[in-house]
Structure formats: structure tokens, C-alpha cells
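K.L.:
got a predicted model here, sequence first, then my questions.
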Amino acid sequence: MSIPRGEGDRGSLPLTPPSHERRRQRSVRRDHVASDFVPRYYQVYSVLRQRVQDGEWSVDTAMPTEENFAAAFNVSRVTIRKALNMLEQEKLILRQQGRGTFALTPPRRRDPANFSGLVENIADFESRTKVRLLAFGRVTLPDEAAQLLECAPGSRALRIVRVRSDSREPFSYTTCYVPEPEADLLTEASLGNRTVNHALETAGVVALAAEQRLSAAIAGIEVAGLLRVDVGAPLISMTRVMRDVSGRPVEALHALYRTDKYEYRVNLSRERGGDAPRWTVKDV
């Protein structure tokens with residue numbers, strides 16, 4: 001993997017480019033990608049972490065040197081050293097003076113927040129986690145939330161923002177919108193540690209269908225602090241819409257999950273017949 005050099009990873013350049021070069025730079029439209037905002041040391045750390053966990057280096061054989069890694073990633077040794085420091089803090093590598101750097105057997109992940117993907121095993125989820133409420137109140141729906149809930153622009157809804165943690169540390173940051181009249185059924189006390197879906201069901205609103213999509217995101221300053229990750233750290237982004245028996249949306253949820261604390265699993269089954277095999281989601 002080759003990572004473009006940043007200002008700290010390249011030779012000296014003129015402080016001010018020629019005027020014709022400045023004009024050309026202003027005229028060029030640049031499309032930003034995630035790597036523009038994720039620090040280079042964190043990109044290197046993420047790649048090396050995965051390679052260590054995949055067992056690329058045996059525990060009794062030294063890993064490549066900082067100089068070798070710097071050349072391979074096209075970054076400075078300072079960048080490599082910072083990435084290795086993070087791996088050492090996670091007890092994924094051992095650095096011994098005079099001998100080199102060695103991969104350690106990755107610790108087993110305890111209590112992963114995996115609840116089969118679409119709709120969590122609520123009893124298990126609530127008993128194994130605790131929640132911190134950050135916001136609970138009526139707001140005007142943002143455009144995207146209004147579209148998800150199929151509400152008119154300017155509609156009001158209940159907004160709930162929470163951070164959920166396992167026995168050791170936080171793993172999710174969620175923002176949930178509940179439209180009226182369902183919003184009238186929820187209070188801070190009735191919600192408590194429950195999922196919003198469970199609280200609504202207890203109040204008589206049963207969800208029979210859900211639509212969900214997953215994507216990737218990076219942690220902004222506020223979320224990074226709440227989830228105890230670095231700014232720019234990769235996160236799993238999940239958006240879910242729950243529908244009642246009539247097909248009407250009753251909850252729109254957006255969640256950001258730490259990638260080291262949350263797993264998403266789907267069971268697939270192969271269907272016979274037709275011109276080609278088909279794989280469909282299997283109930284779990």
C-alpha cells in the first residue's frame with residue numbers, strides 16, 4: 001500500500017509557488033476522499049493492525065524495520081513510529097531493543113457487540129450494555145430524517161441521542177427520530193436502558209418490518225471523544241427505518257459503531273433452480 005506523502009513526509013518545497021502555478025491550482029477542482037482527512041499514521045496503523053491480526057508475522061520472527069516500513073508505505077519513520085506505538089499500546093506487538101519488533105498473539109475479543117445484524121436480541125443487548133443519554137427532546141426533522149420517516153418538511157419529532165457501552169467502554173453513538181404521535185408514548189423514564197424499538201413495542205407500537213443499510217464513516221471531533229477513538233478513526237455507519245403493521249415508519253435510527261467493538265453478521269442460504277445460483281438472507 002502506498003500512502004501519498006504529507007507535508008511532514010516530503011522534501012523541502014518552495015513556500016510560495018509561482019503565480020501561474022497558483023492560478024492553475026485554483027482552477028483545478030479536487031474531489032476529496034476519506035484518506036484526505038485520516039492522518040497518515042492512522043492509515044498505516046490500520047493496515048499494520050489488520051496484517052498482525054491476520055497472522056502475517058509469526059511471534060518468533062522479527063517484523064520489518066521502521067526503515068523498511070517507511071519505504072513500503074512511502075512515509076517518514078516518524079509516521080511509522082507513531083503507528084507502531086499504537087500497536088504496542090494495544091499489546092499487538094512487542095518492541096525489544098537490539099532484537100526488533102515482534103507480533104504478539106492478538107488478544108481474544110471479549111463480548112463483541114454482535115446481535116445478528118438487523119434487529120438485536122433485545123434482552124441480551126440490554127442486559128449486557130448500558131446507555132448514556134445525551135439528548136431527548138422535540139425538534140424539527142432534518143431533511144434526510146424527514147424523508148426516511150416519510151414526513152412533510154418541517155414536521156416535528158422526538159430526537160434521542162445516546163452513547164451505549166459494554167462492560168468496559170463505549171461502542172456506539174446513536175441518533176434516533178420518532179415521529180408523532182408515537183413520540184408522545186416515550187419519556188426518559190420509560191426509555192431508560194431500553195432500545196427505542198423495545199420501548200415503543202412496550203407502549204403498543206409493534207414493528208413488523210425494517211430497512212437497513214451499512215456504510216463506512218470517519219469519526220469527527222465530538223463522536224471521537226464520546227467513543228474514545230482518534231479523530232478520523234474508521235467507524236461503521238448504520239441507518240435503520242422501522243415500520244409498523246401498516247407499513248408506516250415509526251423510527252429512524254442512525255448509529256456509528258467502533259469497528260473494534262461491533263460485528264455485523266448475516267446468514268445466507270443458497271437457492272436451487274434458475275440459470276444461476278442465488279444467495280438470499282436466512283432468518284437467524
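P.N.:
Everything's here; your move.
K.L.:
tell me the contacts of Glu88?
P.N.:
Leu94, Arg95 (C-beta atoms under 8 Å, 6 or more residues apart in numbering). The way it works is simple: take the backbone N, C-alpha and C, and place the C-beta from them, glycine included.
K.L.:
so is it in a helix, a strand, or just coil?
P.N.:
Per DSSP: H, G, I helix; E, B strand; the rest coil, the local secondary structure of Glu88 is helix.
K.L.:
and it, how far from Asp230?
P.N.:
Look at Glu88 and Asp230: by C-beta to C-beta, to the nearest Å, they are 15 Å apart.
K.L.:
likewise for Leu148?
P.N.:
30 Å.
K.L.:
Arg258 now?
P.N.:
The span separating Arg258 from Asp230 equals 11 Å under the rule C-beta to C-beta.
K.L.:
one more: Leu185?
P.N.:
Distance of Leu185 to Asp230, computed by C-beta to C-beta: 39 Å.
K.L.:
for Asp166, same thing?
P.N.:
Asp166 is 20 Å from Asp230, where distance means C-beta to C-beta.
K.L.:
what's the helix or strand for Arg243?
P.N.:
Counting by DSSP states H and E, the element that carries Arg243 is strand 234-244.
K.L.:
which elements pack onto that strand?
P.N.:
Packing partners of strand 234-244 (3 or more C-beta pairs under 8 Å, 6 or more residues apart in numbering; DSSP states H and E): strand 207-218, strand 249-258.
K.L.:
those into TSV, with extra columns for mean pLDDT and mean neighbour count?
P.N.:
Output for the helices and strands packed on strand 234-244, formatted as TSV (pLDDT from 0 to 100; neighbours: other C-beta atoms under 10 Å):
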stretch	mean pLDDT	mean neighbour count
strand 207-218	88	13
strand 249-258	94	22
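K.L.:
quick check, pLDDT for Gly117.
P.N.:
On the pLDDT scale, Gly117 is placed at 43.
K.L.:
so where is the stretch 101-250 of the chain shaky, pLDDT-wise?
P.N.:
In the predicted model of the stretch 101-250 of the chain, residues 106-125 satisfy pLDDT under 70.
K.L.:
can you name the residues that contact the residue lying closest to Val229 once chain neighbours are set aside?
P.N.:
Leaving aside its chain neighbours, Val229 sits nearest to Ala219 (5.3 Å; criterion: C-beta to C-beta, 6 or more residues apart in numbering). The contact partners of Ala219, by C-beta under 8 Å, 6+ apart, come to Leu227, Val229, Asp230, Val231, Gly232, Ala233, Pro234, Leu235, Leu256.
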